[in-house]
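Engineer: here is a sequence together with a model predicted from it:
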Amino acid sequence: MPNSGFAKVAQADELSPGQMKMVEVGNEQVLLANVEGTIYACADICSHAYASLSEGDLTGTEVQCPLHGGSFDVTTGEPMSVPAEEKIKTYEVRISGKDVLLGPAKE
Ligand code: FES
């Protein structure tokens with residue numbers, strides 16, 4: 001199978017540009033974010049404390065945490081504003097037909 005290591009986690013049409021969705025993969029919560037038609041995946045749980053980033057706001061590539069307002073770049077996982085200081089994981093994403101496939105964490 002060409003997408004070995006990748007698993008379907010959503011349908012591409014569930015996420016319009018600018019929208020986010022949390023999916024559970026094993027025991028991890030992963031955030032899917034549609035940035036201008038491209039879907040990115042990163043950890044859903046903020047690295048500052050315990051909050052679900054999918055309940056925050058997405059502006060461009062920046063997701064703002066709903067709890068204390070820290071933010072991250074969903075394409076790299078890098079923190080963009082305090083109190084978020086620690087990078088969050090990002091994951092490989094592939095689109096196969098209408099399916100969103102999630103792969104391994106990057107790095
Ligand atoms: S829990 Fe996300 S910024 Fe504090």
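Structural biologist: Thanks, I have it. Numbering: from 1, shown residues only.

Engineer: give me every residue that touches residue 86.
Structural biologist: Contact partners of residue 86, counting by CB atoms under 8 Å, 6 or more residues apart in numbering, are 47-48, 79. (Glycine included, C-beta is placed from N, CA and C.)

Engineer: that one belongs to a helix, doesn't it?
Structural biologist: No. Counting by DSSP: H, G, I helix; E, B strand; the rest coil, residue 86 is not found in a helix; it is coil.

Engineer: and it, how far from the ligand?
Structural biologist: Counting by CB to the nearest ligand atom, to the nearest Å, the gap from residue 86 to the ligand is 10 Å.

Engineer: distance of that residue from residue 95?
Structural biologist: 29 Å (CB to CB, to the nearest Å).

Engineer: now do residue 72
Structural biologist: 22 Å.

Engineer: higher neighbour count, the two?
Structural biologist: Neighbour tally, residue 72 and residue 95, criterion other CB atoms under 10 Å: the higher count belongs to residue 72, 29 against 11.

Engineer: I'd say the more buried one and residue 88 touch.
Structural biologist: Yes. Between residue 72 and residue 88 a contact is recorded at 5.6 Å, counting by CB atoms under 8 Å.

Engineer: overlap in contacts of the two?
Structural biologist: Shared contacts of residue 72 and residue 88, counting by CB under 8 Å, 6+ apart, come down to 42, 46-47, 53, 79.

Engineer: who wins for neighbours among those?
Structural biologist: residue 53 (29 neighbours).

Engineer: what does that residue show for phi and psi?
Structural biologist: phi -60, psi -30 (degrees, to the nearest 10).

Engineer: and what of residue 13?
Structural biologist: Dihedral pair for residue 13: phi -80, psi 0, per degrees, to the nearest 10.

Engineer: ok, and the closest non-adjacent residue to it?
Structural biologist: For residue 13, ignoring the flanking residues on the chain, the nearest one in space by CB to CB, 6 or more residues apart in numbering is residue 98 at 6.3 Å.

Engineer: before we move on, what about residue 67?
Structural biologist: Closest to residue 67 by CB to CB, 6+ apart is residue 51, at 3.7 Å.
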